[in-house]
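Colleague: Predicted model follows, preceded by the sequence.
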Amino acid sequence: MTGAYDVAIIGAGVVGCAIARAFSRYRLKVVVLEADTDIGNGASKGNSAVLSTASDTPSGTLEQQLVKRGHALYRAEAPSLGLPIENLGSLTIAWNETEAETVRAMQLAMIADGFHEAELVGPDAIYRRIPALAPGAVAAVWEAEEAIVDPFSTPLAYALDALANGVDIRCSTPVTGAHFEDRQWHLATPGGEFVASLAINCGGLYGDRVDALGGNHEIKIKPRRGEFIVFDKSARGLLDVILKPVANSLGRGILLTPTVFGNILVGPTAEQVDDPDDWRCTTEGLAALQAAAKRTLPGLLAHEITTTYCGLRPGSDRPEYRIVVRGDKRWITVAGIRSTGLSAALGIAEYIVAQAMDGLVRADQKAEIVSIRVPALWERGPRPARDPTCVGRDARYGEVICHCEQVSHGEIEDALASPLPPRSLKALKRRTRAMFGRCQGFFCGARVTAMLDRSLSPEPRHAAE
Amino acid sequence: MPPSDPDCLVIGAGPAGLAAAHALVNTGVGSILVVDRDETPGGLPQYCRHLGFGWGYTHRLETGPAFTRRLLGAIQHPSLRLLARTTATAIRPGPAVDLLGPECGVITLHPRAVIVATGIRERPRAARLVPGSRPERGVMTTGQLQQMVARGVPVPGRRLAVVGTEHVAFSVLLTARHAGQRVVAMVEPDERVASYAALAAIVRHAARIPIHVGTRVVNILGGRQVEGIEIDGPSGPARIPCDSVVFSGDFIPDSVLAQASGIAIDPRTRGPVVDQHGRTDMPGVFAAGNVLRAVESSGFSAIEGARVGTCVAAYLGGSATAWCAASRPVEAAPDFDYVVPQRWTTDDGRLPAIPFSLRVRTTGAPIPIAVKIGDRVVWSDAARRRRPHRRIGIPQGPIARAAGDATCIEVCTTL
Ligand SMILES: Cc1cc2nc3c(=O)[nH]c(=O)nc-3n(C[C@H](O)[C@H](O)[C@H](O)COP(=O)(O)OP(=O)(O)OC[C@H]3O[C@@H](n4cnc5c(N)ncnc54)[C@H](O)[C@@H]3O)c2cc1C
Ligand SMILES: Cc1cc2nc3c(=O)[nH]c(=O)nc-3n(C[C@H](O)[C@H](O)[C@H](O)COP(=O)(O)OP(=O)(O)OC[C@H]3O[C@@H](n4cnc5c(N)ncnc54)[C@H](O)[C@@H]3O)c2cc1C
């Protein structure tokens, strides 16, 4: 089919999209092959949306290095892509003397690791920051650098940027087989074969299966489920900081954090599952989240629940990132990007491109870069329907369709006509936030579904193209 | 043409808002603007094609669209303008109201009075913490189902499971038939059917639809599509294969606008606090209809709207005051879910008052009801079993007569 590519990226999660964008800066032919109808519909669709500092990842690891670098790059590059960063800072709270001991040790370790802003604070500072916090907090580590971001627009921004800069992005294109011949990979998909001289596996929850297609069997993916409850925007006043428990052997524990969309998020739980497609919320998980909310921020329970969801961390059989560069086989594995991938993606991308440039591909940087911006979905930022000039110029932005999230007709039409159009309701929700609010479609579900279905029907739009 | 400042701005063109507008037109109020954020006015009934609407307000039972047409027909008047697709985004003291719409753009109006009639919604599946998978289609509220059917948007599959047995759940049965869907089961977490026993009997025996009471949905099966539900109840766990699940009832006032605008909200109803004339604590701002509490019928909401409309006309004419701090609280004992109105004002006795709605939360032991003003019982009702989802009416006369010297009106369960 299409001529040979220099690089084929398998998987368009936040990691694959970031890597595609990084390669798009070079004179290379790059293709992204994604199994799903949309980008970012795997592990990347359900996370806590915290831009973390890596202070709680094991010291001296590649993961810590890449999260640190990813965080710095995100701060540098996200604003120009239209991505919001809400600088809330985090408090890791100790509720008893044992935990206070841990917290003190944590803070010292953070300083030693170069996180110089980590600060030990006492109850006064804690309760000044969160008056609604349950009584009994004894100490905390304050990290000013931790922030919240838009988890859906992030991979979208990377993908749109990559697309604008010449990368070929193919959704609904699962890679089902691979063979290596004459220093080239032949990747089989239902839509035909793709040939590339370098293959990069960014398969997330399927990282081991994709690796197996390329003949590599040493990594085993072990998905870990994380469930969440999203509370109504009316609760936002209760919390203006990322609230973390002290991590223990079971994991980092359940956070309470605002989201950039103006809700309060409680989660995630942590549970090993066998099936990488098991996106169920469970009775036990939801009960654990409610208990955590009650324990930590009791006022939260008086507020309505907007939604619940579940994420799957693409962890592996080792507690670390599994990035393997196989120069001889021209295959790079980027797997096990477990619970920090949103923060680390730009760092991972920079690292992978550097590895590839080290003898696997050769290319010059492009002189001109096309820049893009994603539509702003930030609760506290400018939105078309709030902007008199925008509404004055185009009445479609004055007609609100999704009332809970105040999404206008114009924004939904724009998303449907974008270069990476949504092909499912979930994709449309991620692009616009329509149906994502407290009524979950009671008011707008029928209209939004009708708009999507019209855009998917093969007749008018595609015939015209 | 962008609207200019009206005497009264009605927010929401459902039964309550439209009946209020009708009362305003009838009493000769100079200029009335009705806004509704939906594509067409009418509120929820416009999407329900079955009979059952307007009773009490019109003394006949009509279909939702017919009742809507009647309400809309009655307000055709040069003094009234109706703007659909127009959202009220904020109310500020003054009152001042921010509007957003394709015709008006982003504007602020300064009406002399405002009526908030923004209605209700149902709690979605997630808010009820029902575990299981989350297929992107096929899990919805009744409101969404009804709009899908009315707008011709396909509902997945043929087999529908209904969660909840409030009246609205039976509305699903009628709508489903319209859409060529078959209801395969109704599931009720409570020990008994919330709606009328007679209705349940017809459904069970004539329509042969099983109703599982005391039963919870513990899982939604499927991946991309709904494949069924898992239930757990008196007869143990079971699987019901289906293609769609409708979460019905469990209504909540859509009072976000009032709440975000700083109008006092009653934590028990989750709607604005009002006195018996519909006055909120923001001077010049009134409220009526199901935004006050979930949930009453469309006829009841319309009656309430009409009465509040009449009060607003009196307020605009200078014969009634705004909210006054001297109003007395109406307090319902903890056994009750809520009481509306939550305040009673004594100085405007000649204005029409909205009917009381009182509700219990669960079916418990029989309880009496006594309305006390000071030490005096001004009205009482003998002990009987009270059912949630049924309005307990309290007559206003005895309260109006005795409220003059009260500091508080108590609704108690001891005589
Ligand atoms: C509960 C939870 C909380 C988290 N919180 C945070 C947080 O606060 N901050 C943070 O930084 N990170 C967080 N993360 C981590 C972050 O979400 C992940 O690290 C990241 O999403 C991993 O992205 P990925 O691109 O590797 O995987 P994915 O998003 O799973 O992408 C892999 C893609 O590959 C595709 N694919 C698979 N097989 C094939 C094939 N054969 N052919 C073609 N395509 C294929 C899939 O369809 C998928 O789209 C959290 C994760 C979870 C689950
Ligand atoms: C599925 C279903 C079936 C029902 N069946 C029956 C039945 O058989 N018989 C019966 O009597 N009752 C029935 N009801 C109840 C009936 O619909 C309600 O009692 C009635 O609609 C309440 O009227 P309302 O005017 O208070 O609110 P609504 O009808 O909810 O109207 C509120 C209006 O306000 C608008 N609005 C909200 N916020 C804003 C804003 N910020 N700016 C502008 N506009 C806004 C909305 O768009 C809406 O049109 C049913 C309800 C449902 C959901």
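Modeller: Good, I have the coordinates. Numbers count the residues shown, from 1 in each chain, chains lettered A, B, ... in the order given. Ligands and ions are numbered 1, 2, ... in the order given.

Colleague: use CA for all of it now, contacts and neighbours both
Modeller: OK.

Colleague: which residues of chain A score low on pLDDT?
Modeller: A:1-2, A:250, A:459-465 (pLDDT under 70).

Colleague: all helices for it, in order.
Modeller: Shown for chain A, the helices assigned by DSSP state H span residues A:14-23, A:62-81, A:97-112, A:123-129, A:153-164, A:207-213, A:283-296, A:341-357, A:388-393, A:409-416, A:425-432, A:445-456, A:460-464.

Colleague: so what's residue B:212 bridging to?
Modeller: residue B:187 (DSSP bridges).

Colleague: For residue 19, give me its contacts.
Modeller: Assuming you mean chain A. Residue A:19 sits next to A:9, A:345, A:346, A:348, A:349, A:350, A:352, A:353 when contact means C-alpha atoms under 8 Å, 6 or more residues apart in numbering or on different chains.

Colleague: wait, I meant chain B there
Modeller: By C-alpha under 8 Å, 6+ apart, the residues touching residue B:19 are B:71, B:302, B:303, B:305, B:306, B:309.

Colleague: try 7 Å this time
Modeller: B:71, B:302, B:305, B:306 (C-alpha atoms under 7 Å, 6 or more residues apart in numbering or on different chains).

Colleague: if we can go back for a sec, for the helices of chain A, please prepare JSON lines with the additional fields distance to residue A:172.
Modeller: Shown next, in JSON lines, are the helices of chain A (distance: least, C-alpha to C-alpha, whole Å):
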{"stretch": "helix A:14-23", "distance to residue A:172": "15"}
{"stretch": "helix A:62-81", "distance to residue A:172": "26"}
{"stretch": "helix A:97-112", "distance to residue A:172": "43"}
{"stretch": "helix A:123-129", "distance to residue A:172": "46"}
{"stretch": "helix A:153-164", "distance to residue A:172": "15"}
{"stretch": "helix A:207-213", "distance to residue A:172": "16"}
{"stretch": "helix A:283-296", "distance to residue A:172": "32"}
{"stretch": "helix A:341-357", "distance to residue A:172": "23"}
{"stretch": "helix A:388-393", "distance to residue A:172": "35"}
{"stretch": "helix A:409-416", "distance to residue A:172": "17"}
{"stretch": "helix A:425-432", "distance to residue A:172": "13"}
{"stretch": "helix A:445-456", "distance to residue A:172": "14"}
{"stretch": "helix A:460-464", "distance to residue A:172": "17"}
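
Colleague: Tell me which of the ones you listed lies nearest to ligand 2.
Modeller: For those, the distance to ligand 2 is smallest for helix A:445-456, at 13.2 Å, taking C-alpha to the nearest ligand atom.

Colleague: Just the angle for that closest one relative to helix A:425-432, thanks.
Modeller: 100 degrees (axes from the mean of the first three to the mean of the last three C-alpha atoms, to 10 degrees).

Colleague: Helix A:445-456 - contacts with which helices or strands?
Modeller: helix B:142-151 (3 or more C-alpha pairs under 7 Å, 6 or more residues apart in numbering or on different chains; DSSP states H and E).

Colleague: okay, the angle between the helix it packs on and helix A:445-456?
Modeller: Put simply, helix B:142-151 runs at 50 degrees to helix A:445-456, going by the same axes, to 10 degrees.

Colleague: List the buried residues for the following helix or strand past helix B:142-151?
Modeller: Using DSSP states H and E, the helix or strand that follows helix B:142-151 in sequence is strand B:159-163. By neighbour count on 16 or more other C-alpha atoms under 10 Å in any protein chain shown, the buried set for strand B:159-163 is B:159, B:160, B:161, B:162, B:163.

Colleague: Now the helix ranked longest in chain B: average pLDDT?
Modeller: Counting residues, the longest helix found in chain B (DSSP H) is helix B:298-316. Helix B:298-316 carries an average pLDDT of 97.

Colleague: With stretch B:23-42 instead?
Modeller: 97.
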